[in-house]
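**Q** Turn this into a structure:
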Amino acid sequence: MCSNLTNRVAEIKQLVTFCGDSEKTGFVLEMKGFLEECENELKVVKEEQIRVMELVKRTTEYYQAGASKEGGANPLQLFVIVKDFLDLVDRVRSDITRKLQRTNVIHSAGSSPLPSPPRRNPLKLINFRSQFMSPDMSMTTSSSESDDGF
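**A** Reported below is the predicted structural model:
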C-alpha cells in the first residue's frame, strides 16, 4: 500500500542525486536529509502495515473460518460486511425513531399518556481485545500519516 510513496521517494532521490553531482547546495543537502527521514518513516509505516494486516487476517479467520484460504478473497471483506450491517442498523433506528415521533404526536393530541417502557439492566460487554492481541504485540503508533490509501 505504501509502495507508491516508496517509488516516489526513489524517483526524487535519483533526481536529487543527479543534481547533487554537479553542486553541493543547501537545497541538495536538505533534500538528502529529508529523503533519508522519508525512507526511515516509510520503513516504520511498512512494519505497521504488516502488523495491521496480520490482525485483519486473524480477525477474519476468527469470524470467517477458512476465508483466508480462498486465493482471491479480499482480506477486508469482513469489515465491508460489518459496515453494511451497521448501515442497515442505522436505517432501522431512524425508521423506529420516526415512527415513535409520529406515535407521540398522535398520543399527545389525545388525553391518555403513553406507558413508560420497562427498565432494562445494562449489558456487560466482553473484552474481545484479549482474543486478538497476544501480549508480545505492542500497541505502537506512528506519528506520521500518509495519503497513500492508508
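**Q** who are the neighbours of the longest helix out of those in the chain, in terms of helices and strands?
**A** Longest helix in the chain, counting residues (DSSP state H): helix 26-63. Contacts defined by 3 or more CB pairs under 8 Å, 6 or more residues apart in numbering; DSSP states H and E place helix 26-63 against helix 3-22, helix 77-109, helix 129-132. Where you see a C-beta, it was placed from the backbone N, CA and C, and this is true even at glycine.
**Q** for the first one, what is the average pLDDT?
**A** I take that to be helix 3-22. For helix 3-22, the mean per-residue pLDDT is 85.
**Q** Using CSV, write down the CA coordinates of it.
**A** Extracted C-alpha coordinates of helix 3-22, given in CSV (Å, rounded to 0.1, in the frame of the first residue of the first chain):
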residue,chain,number,x,y,z
SER,A,3,4.8,1.2,-2.4
ASN,A,4,3.5,4.2,-4.3
LEU,A,5,5.2,6.5,-1.8
THR,A,6,8.3,4.4,-1.8
ASN,A,7,8.5,4.7,-5.6
ARG,A,8,8.1,8.5,-5.5
VAL,A,9,10.8,8.9,-2.9
ALA,A,10,13.1,6.8,-5.0
GLU,A,11,12.4,9.0,-8.1
ILE,A,12,13.1,12.1,-6.1
LYS,A,13,16.2,10.6,-4.6
GLN,A,14,17.5,9.9,-8.1
LEU,A,15,16.7,13.5,-9.2
VAL,A,16,18.5,14.9,-6.1
THR,A,17,21.5,12.6,-6.7
PHE,A,18,21.7,13.8,-10.3
CYS,A,19,21.5,17.5,-9.2
GLY,A,20,23.9,16.9,-6.3
ASP,A,21,26.7,15.5,-8.5
SER,A,22,27.2,18.9,-10.0
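**Q** can you pull the buried residues of it?
**A** For helix 3-22, the neighbour count (16 or more other CB atoms under 10 Å) marks 5, 6, 9, 13, 16, 20 as buried.
**Q** repeat for the second one
**A** By 16+ other CB under 10 Å, the buried positions in helix 77-109 come out as residue 78.
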